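1. Predicted model follows, preceded by the sequence.
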Amino acid sequence: MVLRKFDMPTTVFFAIAVVSVILLAYPMWNYTRFYLALWNIDYIISDVSIYASESNNIRIDIELLVMNPTDYSGLEVRSSSCRLSYIDGAHLVQVMTYGGSYGSRLVWVTTTVWDLKVESHRLRIPLAPNENKLITLPFIINPDSILQVDQENARAFIGFVGTEPQEIELLLDCHLYISSFLGDFDAQRYLSYSVPMSYQ
Amino acid sequence: MAVTNNLTWKKPRSIAIVIAWGTINASIVLQAFLNRRLSLEWFDLLFLFFVGIFAGVLLADVKTIVLGIFEALFLSIGLTYFCMILPVLVGNVGGFFQANVIYQATLGYIFRAFFPTAVFACFLGGMLGGFVEDLIL
């Protein structure tokens, strides 16, 4: 009744407003699940493969299962930055301690965790609603690496594999960067996985 | 009688145009926010400009247009803010997101999106619409 009192251009303008609201309905419904999706996104190590090559390199493929259990669409795994370590015999490492009456200082601690490699990967993998995606993160353990720390870590790991352990317990300090319209979010997890080993 | 009717319906018509203008502006900004990133591209500003021209032509009177620009902007900022905090209002936020952080962050996003280019595009469009109405119609 009210619209009938208005002229044609006003009615058209009002109709444009109504259409714009209708077009906004799905993005808004989707957005109401945005924070829940960021909260619920999770990942685990689903599989690890270790390959030894002729050139003394070891390639460790870590397969992550990334889960988006919500209805939200619009997230993308943009990149990853992960530190791979493994469990071996006890050794001493220097660790920076923070706070306390002494302030920050370097101290020696005994640990069985050996650093192996830090790798970053560009991924760009979209996460659809209620979708589980497999992501493979390759780590190349190269004793001829340019970085001295990587060389030493690789030689220590090759020495450890040479002792033919029944299984290798890998630790992954992983940062997955989830891209959204609000920017990138860091989903950090500490994951561990035991790889049963067989030797020929 | 016809004149009386016209005068009676002039104010509701202006109010309807301003409400529609504010709603369209808010939906342009929200579409940009939710489908891309938190910034307006040149074509979003062009849309705001053309909607402003349309609204300016409809409002016609300069005084009504200037008032309408402020009212429409106020409405569109309010609607955008309401929509952006909707997940908090319906309780759909995860454990590490605090409501007041989302409220404050949303204010920042909206301020950056609207000021100054979007406000300028609306103002310029509205005023140009008024002049077009004066010259042509």
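-> Done, it's in. In this text, all values refer to a predicted model and were calculated from it rather than measured experimentally. Numbering: from 1, shown residues only, chains lettered A, B, ... in the order given.
2. which residue ranges form the strands in the chain?
-> All of this is about chain A. Using DSSP state E, the strands of chain A run over residues A:42-52, A:58-68, A:75-97, A:105-127, A:131-141, A:167-180, A:183-196.
3. To clarify, I was referring to chain B.
-> According to DSSP E, chain B contains no strands.
4. Tell me which residues of the lengthiest helix in it come out buried.
-> Longest helix of chain B, by residue count under DSSP state H: helix B:2-35. By 16 or more other CB atoms under 10 Å in any protein chain shown, the buried positions in helix B:2-35 come out as B:9, B:13-14, B:16-34. Heads up, the C-betas are built off the backbone N, CA and C, glycines and all.
5. near chain A, which of the residues you listed show up?
-> With CB under 8 Å from any CB of the partner chain as the criterion, the buried residues of helix B:2-35 include B:9, B:13, B:16-17, B:19-21, B:23-24, B:27-28, B:30-31, B:33-34 near chain A.
6. and which of the residues you listed is nearest B:Gly91?
-> Distance to B:Gly91 across these (CB to CB) is lowest for B:Leu34, with 19.4 Å.
7. what sits against A:Val95?
-> By CB atoms under 8 Å, 6 or more residues apart in numbering or on different chains, the contact set of A:Val95 is A:106-109.
8. With respect to chain B, which of the residues you listed is nearest?
-> Chain B lies nearest to A:Val109 out of the contacts of A:Val95, by CB to the nearest CB, at 29.9 Å.
9. ok, that closest one touching A:Val93?
-> Yes. At 6.2 Å, A:Val109 counts as touching A:Val93 under the criterion of CB atoms under 8 Å.
10. roughly how far apart are the residue nearest to B:Gly52 when sequence neighbours are not counted and chain A?
-> Among residues not flanking B:Gly52 along the chain, B:Gly125 sits closest, at 2.1 Å (CB to CB, 6 or more residues apart in numbering or on different chains). According to CB to the nearest CB, to the nearest Å, B:Gly125 and chain A sit 13 Å apart.
11. any idea of the mean pLDDT in stretch A:79-86?
-> Averaging pLDDT along stretch A:79-86 gives 91.
12. Other residues contacting that stretch?
-> By CB under 8 Å, 6+ apart, the list of residues contacting stretch A:79-86 reads A:60, A:62, A:113-123, A:135, A:137, A:139, A:157, A:160, A:168-177.
13. Quick one, which of those residues are buried?
-> For the contacts of stretch A:79-86, a burial check counting by 16+ other CB under 10 Å picks out A:60, A:62, A:114-119, A:123, A:135, A:137, A:139, A:157, A:160, A:168, A:170-172, A:174, A:176-177.
14. gap between the worst-scoring helix or strand of chain B on mean pLDDT and the chain center?
-> None of the helices or strands of chain B scores lower by mean pLDDT, DSSP states H and E than helix B:2-35, at a mean of 80. Centre-to-centre, helix B:2-35 and its host chain are 9 Å apart (CA atoms, centre = their mean, to the nearest Å).
15. helices and strands around that helix, which ones?
-> Judged by 3 or more CB pairs under 8 Å, 6 or more residues apart in numbering or on different chains; DSSP states H and E, the packing partners of helix B:2-35 are helix A:2-5, helix A:8-31, helix B:42-59, helix B:62-84, helix B:99-113.
16. try 6 Å this time
-> On a contact count with 3 or more CB pairs under 6 Å, 6 or more residues apart in numbering or on different chains; DSSP states H and E, helix B:2-35 meets helix A:8-31, helix B:42-59, helix B:62-84.
17. so what's A:Glu164 up against?
-> A:Tyr199 (CB atoms under 6 Å, 6 or more residues apart in numbering or on different chains).
18. so what's residue 84 closest to, chain neighbours aside?
-> This is for chain A. A:Leu116 (4.6 Å).
19. my bad, chain B
-> B:Thr106 (4.4 Å).
20. still on that earlier bit, in TSV, list the contacts of A:Val95 along with neighbour count.
-> TSV is the format used below for the contacts of A:Val95 (neighbours: other CB atoms under 10 Å in any protein chain shown):
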residue	neighbour count
A:Leu106	8
A:Val107	10
A:Trp108	8
A:Val109	10
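21. Switch the residues you listed over to JSON lines; also include pLDDT and distance to chain B.
-> Listed next are those as JSON lines, based on pLDDT from 0 to 100; distance: CB to the nearest CB, whole Å:
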{"residue": "A:Leu106", "pLDDT": "83", "distance to chain B": "32"}
{"residue": "A:Val107", "pLDDT": "82", "distance to chain B": "31"}
{"residue": "A:Trp108", "pLDDT": "87", "distance to chain B": "35"}
{"residue": "A:Val109", "pLDDT": "87", "distance to chain B": "30"}
